[in-house]
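Novice: Need the 3D shape of this:
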Amino acid sequence: MNQYIICKMKENIFSFLLNEGKAVEIHCDREREASILGNIYIGRIRDIVKNIGAAFVQIDPETVCYLPLSDVVNPVYTKKGASEKPQSGDELLVQVSRDAIKSKYPSVTTNLTLHGKYILLTTGNRRISASSRLEKTEKKRLINLVRELETSICENMENTSRPFGWLLRTNSHDTDENTIKNDMQRLYVQYQMLLQSAPHRVCFSCLLSSPSPCISRMSDLYEASAGQFLTDDEIIWSEAREYLSFHQPDDLSKLSLYQDSLLPLFKKYSLESQLQEALSEHVWLRSGGYLVIQPTEALTVIDVNTGKFEGGGKDPQKAFYKINLEAAAEAARQIRLRNLSGIILIDFINMDSPESNKELLLFLEGLLQKDPIKTVLVDMTALSLVEITRMKKEKPLHEQVKQQQ
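Specialist: As a prediction, this is how the structure comes out:
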C-alpha cells in the first residue's frame, strides 16, 4: 500500500509519498511562515503601468502584488470606476498565483481556479477541456460527461452564458460519472458562495484561504498513490480531516493519526535517512555503478558511472547497456523524488550500438511518462547526452531544504 506521510522534522514540515516503503516524492514546507499562494482576496488596483503591461494590486495595506494586464480576463469587480478597462481604485477578486521571491512582488491573477480532486473550475477559460496527458478517447468521454452533468448541476444556466470553465485533471482517468458529479457539485457550490459573499465584504478581505501545501497535495496524488494518509501531528491531522471532509470525502477513511510515543513516525519509516539519500550527490546502483547528480543555476546534470561494477567480462558493451538501463530507471525516480525541473542532462556510459541507444531512450521515455508532472525526453545530443525537460511547479527539494535552514 502506498502512503502519504506528513511529519515535523527539524522545525519544518516534510511530506513523503512512499511506494512500498520507499520515497517517491519528498517536499519540505515552512512551519513558521504561512504561504498566501492560492488565496483569493478582494484587491484594490493601486497603479496601472502601461509600459510594462501590468497593474499593481494591494491585497492588504502592506502587501502589493503584480498583476499582468493580459491576465485580466473575465474579472469579477466589487467596485468599478467609469472606464471599462482596469483603472486605479478598482476593487476586484484576485488569486495569488506566485509567492514573493526575493525582491519580486507576489503575483496575482483574475483567472480564479477552484481545485477539486479530479476537475478544476476556472473563470479565465470558459471552455470544457481536459489535461493533455489524457488519451484522446478518454478525454472525449470525460468532456462529454461533464457537458451532460453540467445541466443538472448548474441550474438555469445555459452553456452560452457559462461564466467559468471546467478542466479535467490527469487523475480523472477512468473515473466514474458519480465521482465526477460530486466533484463538480462541490466546486460549483464553492464558486456560488464566493460570488454571493464578495459584494458584502470589504476591500482586502480574504474570501478563500488555501490549505497548507502539505495538505493541498492530497488532491494531486493519483488514486493508486493515496492508500493511506498518515501524520503524527494533531494540528495537521485536524486540518487534513477538515480538508478531506469537504474536498475528498471518499478519502477521509484513509486518514490516520499516528500515536506511538515509543517509536516516532520518522523512525518507523526511516524518513530521515531517506531524506539524506535524496539530498546526496551520489546515488549507488545495485550493479555497483552510481549516479552523480549536480544541480546548477541553468540545468541539472546526471552522470552515470560504472563504479564497482565487475560483470563486464568479455563483452563490455553488454555490461554498459545493463548499467545504463538500471541508471535510467534510477534517474527517472530521482528526478521526481528531488523535484528537479527545467533542463536535465543525463550522461550515460557511451555505447557503440545505435540500436542499444535507441532501446535505452525508449525505456527511459516510458518511465518519464509516468511522472505526474509533465516530463519530456527531447533527444540524445551529438555528444551522447540525453536531454530532458520537466515542468516547474515547486522549487527542487535541495532548495526547499536550504531555504528553511
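
Novice: where does the stretch 301-405 of the chain dip in pLDDT?
Specialist: Scanning the stretch 301-405 of the chain for pLDDT under 70 picks out 309-314, 403-405.

Novice: all strands of it, in order?
Specialist: Assigned strands in the stretch 301-405 of the chain, in chain order: 342-347, 375-380, 385-390 (criterion: DSSP state E, counting those that start in this stretch).

Novice: what's the first one in contact with?
Specialist: Outside strand 342-347, the residues that touch it by Cβ atoms under 8 Å, 6 or more residues apart in numbering are 298-304, 327-328, 331, 335, 364, 384-390, 392. C-beta coordinates here come from the backbone N, C-alpha and C atoms, glycine included.

Novice: quick one, what contacts the most centrally placed residue in the chain?
Specialist: The residue at the geometric middle of the chain, judged as the C-alpha nearest the mean C-alpha position with Cα atoms, centre = their mean, is Lys393 (5.3 Å). By Cβ under 8 Å, 6+ apart, the contact list for Lys393 reads Asn339, Ser341, Ile373.

Novice: at 6 Å instead, please
Specialist: Lys393 makes contacts with Ile373, as judged by Cβ atoms under 6 Å, 6 or more residues apart in numbering.

Novice: Quote the end-to-end distance of stretch 20-36.
Specialist: End-to-end distance of stretch 20-36 (Cα to Cα, to the nearest Å): 34 Å.

Novice: that older thread, could you check how far the residue nearest to the centre of the chain is from Ser70?
Specialist: With distances defined as Cβ to Cβ, to the nearest Å, the gap from Lys393 to Ser70 amounts to 22 Å.

Novice: Any regions of the stretch 151-300 of the chain where pLDDT drops low?
Specialist: 155-161, 222-226.

Novice: now the strands for it?
Specialist: Remark: strands of the stretch 151-300 of the chain, listed N- to C-terminal, are 165-168, 206-208, 228-231, 255-257, 282-284, 290-295, 299-305; assignment by DSSP E, counting those that start in this stretch.

Novice: And those strands: which comes nearest Leu93?
Specialist: When those are compared for distance to Leu93 using Cβ to Cβ, the nearest one is strand 206-208, at 7.0 Å.

Novice: Phi, psi for Val64 please.
Specialist: Listed backbone geometry of Val64 is phi -110, psi 140, with angles given as degrees, to the nearest 10.

Novice: ok, the residue nearest to the centre of the chain to Arg241 distance?
Specialist: Remark: distance between Lys393 and Arg241 (Cβ to Cβ) = 25 Å.
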